[in-house]
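Q: Need a 3D model of the sequence below.
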Amino acid sequence: MWGEINRCIELPGFKGFVTHFKSEIHNYKLLYDNIEPQEFKFSKDAEKYTKGLKRLIIIRMIRPDKLVPAISKFVIQNLGSYFTEPPLFDLKIVFNDSNCATPLIFVLSPGADPMKTLTQFA
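A: Sure, this is the predicted structure:
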(Lines give C-alpha, C1' and ligand atoms only; values in the text may rest on other atoms or scores of the structure.)
Protein backbone atom coordinates (compact mmCIF):
# COMPACT_ATOMS: atom_id res chain seq x y z
CA MET A 1 0.00 0.00 0.00
CA TRP A 2 2.79 2.42 0.89
CA GLY A 3 4.49 1.75 -2.45
CA GLU A 4 1.31 2.68 -4.33
CA ILE A 5 0.89 5.83 -2.26
CA ASN A 6 4.44 6.86 -3.15
CA ARG A 7 3.90 6.06 -6.85
CA CYS A 8 0.64 8.01 -7.11
CA ILE A 9 2.51 11.33 -6.98
CA GLU A 10 3.43 10.66 -10.63
CA LEU A 11 -0.24 11.01 -11.56
CA PRO A 12 -1.68 14.40 -12.50
CA GLY A 13 -3.28 16.05 -9.49
CA PHE A 14 -1.46 13.99 -6.86
CA LYS A 15 1.63 16.14 -6.41
CA GLY A 16 2.18 16.54 -2.68
CA PHE A 17 -0.15 13.69 -1.77
CA VAL A 18 2.42 11.82 0.32
CA THR A 19 2.91 14.85 2.56
CA HIS A 20 -0.85 15.30 2.81
CA PHE A 21 -1.30 11.59 3.58
CA LYS A 22 1.22 11.77 6.42
CA SER A 23 -0.45 14.85 7.92
CA GLU A 24 -3.94 13.29 7.65
CA ILE A 25 -2.96 9.73 8.57
CA HIS A 26 -5.70 9.52 11.22
CA ASN A 27 -8.41 10.20 8.57
CA TYR A 28 -6.95 7.64 6.19
CA LYS A 29 -6.88 5.14 9.05
CA LEU A 30 -10.61 5.78 9.49
CA LEU A 31 -11.06 5.16 5.76
CA TYR A 32 -9.12 1.90 6.03
CA ASP A 33 -11.21 0.74 9.01
CA ASN A 34 -14.54 1.82 7.51
CA ILE A 35 -17.00 -0.94 6.55
CA GLU A 36 -18.17 1.09 3.54
CA PRO A 37 -15.19 3.22 2.43
CA GLN A 38 -17.01 4.22 -0.77
CA GLU A 39 -19.34 6.26 1.49
CA PHE A 40 -16.53 7.78 3.58
CA LYS A 41 -16.65 11.56 4.09
CA PHE A 42 -13.19 13.08 3.71
CA SER A 43 -12.11 16.23 5.54
CA LYS A 44 -12.04 19.63 3.82
CA ASP A 45 -8.23 19.41 3.72
CA ALA A 46 -8.47 16.30 1.55
CA GLU A 47 -10.84 17.76 -1.06
CA LYS A 48 -8.00 18.43 -3.48
CA TYR A 49 -7.29 14.69 -3.67
CA THR A 50 -10.72 13.14 -3.15
CA LYS A 51 -12.93 14.42 -5.95
CA GLY A 52 -13.99 12.37 -8.95
CA LEU A 53 -11.60 9.73 -10.25
CA LYS A 54 -9.02 10.74 -7.66
CA ARG A 55 -11.32 9.31 -4.98
CA LEU A 56 -11.31 5.97 -6.81
CA ILE A 57 -7.52 6.03 -6.96
CA ILE A 58 -7.34 6.61 -3.21
CA ILE A 59 -9.79 3.80 -2.52
CA ARG A 60 -7.79 1.57 -4.86
CA MET A 61 -4.62 2.30 -2.89
CA ILE A 62 -6.09 1.96 0.59
CA ARG A 63 -9.05 -0.42 0.22
CA PRO A 64 -8.76 -2.31 -3.08
CA ASP A 65 -11.35 -4.81 -1.84
CA LYS A 66 -14.00 -2.05 -2.04
CA LEU A 67 -13.08 -0.65 -5.44
CA VAL A 68 -16.01 -2.26 -7.30
CA PRO A 69 -18.68 -0.71 -5.04
CA ALA A 70 -16.84 2.63 -5.27
CA ILE A 71 -16.82 2.45 -9.08
CA SER A 72 -20.53 1.59 -9.10
CA LYS A 73 -21.26 4.62 -6.93
CA PHE A 74 -19.11 6.81 -9.20
CA VAL A 75 -20.94 5.59 -12.32
CA ILE A 76 -24.36 6.14 -10.72
CA GLN A 77 -23.42 9.68 -9.66
CA ASN A 78 -21.96 10.65 -13.04
CA LEU A 79 -23.91 8.63 -15.61
CA GLY A 80 -26.97 7.31 -13.79
CA SER A 81 -28.10 3.97 -12.42
CA TYR A 82 -29.02 2.73 -15.91
CA PHE A 83 -25.37 1.76 -16.43
CA THR A 84 -25.14 -0.33 -13.25
CA GLU A 85 -28.40 -2.28 -13.43
CA PRO A 86 -28.47 -5.45 -15.51
CA PRO A 87 -31.07 -5.46 -18.29
CA LEU A 88 -34.13 -7.64 -17.95
CA PHE A 89 -33.74 -11.02 -19.60
CA ASP A 90 -36.45 -11.79 -22.16
CA LEU A 91 -36.00 -15.28 -23.54
CA LYS A 92 -38.46 -14.68 -26.38
CA ILE A 93 -36.40 -11.78 -27.77
CA VAL A 94 -33.15 -13.70 -27.38
CA PHE A 95 -34.64 -16.81 -28.99
CA ASN A 96 -35.82 -14.80 -32.01
CA ASP A 97 -32.22 -13.65 -32.54
CA SER A 98 -30.89 -17.22 -32.52
CA ASN A 99 -30.88 -19.91 -35.21
CA CYS A 100 -29.14 -23.21 -35.90
CA ALA A 101 -25.89 -21.34 -36.64
CA THR A 102 -26.25 -18.90 -33.72
CA PRO A 103 -27.05 -20.90 -30.60
CA LEU A 104 -28.06 -19.57 -27.21
CA ILE A 105 -25.27 -19.72 -24.67
CA PHE A 106 -26.05 -19.08 -21.01
CA VAL A 107 -23.25 -17.80 -18.80
CA LEU A 108 -24.55 -18.47 -15.32
CA SER A 109 -23.60 -17.02 -11.99
CA PRO A 110 -23.59 -19.28 -8.92
CA GLY A 111 -27.13 -20.16 -7.92
CA ALA A 112 -28.72 -19.16 -11.24
CA ASP A 113 -30.98 -21.76 -12.80
CA PRO A 114 -32.62 -20.89 -16.14
CA MET A 115 -34.33 -24.30 -16.45
CA LYS A 116 -37.74 -23.09 -15.21
CA THR A 117 -37.70 -20.19 -17.68
CA LEU A 118 -36.64 -22.51 -20.52
CA THR A 119 -39.34 -25.05 -19.67
CA GLN A 120 -42.06 -22.38 -19.56
CA PHE A 121 -40.86 -20.93 -22.85
CA ALA A 122 -40.80 -24.35 -24.54
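
Q: does the closest residue to Glu39 other than its chain neighbours sit in a helix or strand, and which one?
A: For Glu39, ignoring the flanking residues on the chain, the nearest one in space by Cβ to Cβ, 6 or more residues apart in numbering is Lys73 at 7.8 Å. All C-beta atoms are positioned from the backbone trio N, CA, C, and that covers glycine. Here Lys73 sits within helix 67-78, counting by DSSP states H and E.

Q: just Glu85 next, same as before
A: In the assignment (DSSP H and E), Glu85 maps to no helix and no strand.

Q: Tell me where the model's unsure across this protein.
A: By pLDDT under 70, the chain has no low-scoring segment.

Q: Now do the helix holding Lys73: which elements does it pack against?
A: The criterion is 3 or more Cβ pairs under 8 Å, 6 or more residues apart in numbering; DSSP states H and E, and the helices and strands that helix 67-78 contacts are helix 53-62.

Q: mind listing what's buried in the helix it packs on?
A: Judged by neighbour count (16 or more other Cβ atoms under 10 Å), helix 53-62 contains these buried residues: Lys54, Arg55, Leu56, Ile57, Ile58, Ile59, Met61, Ile62.
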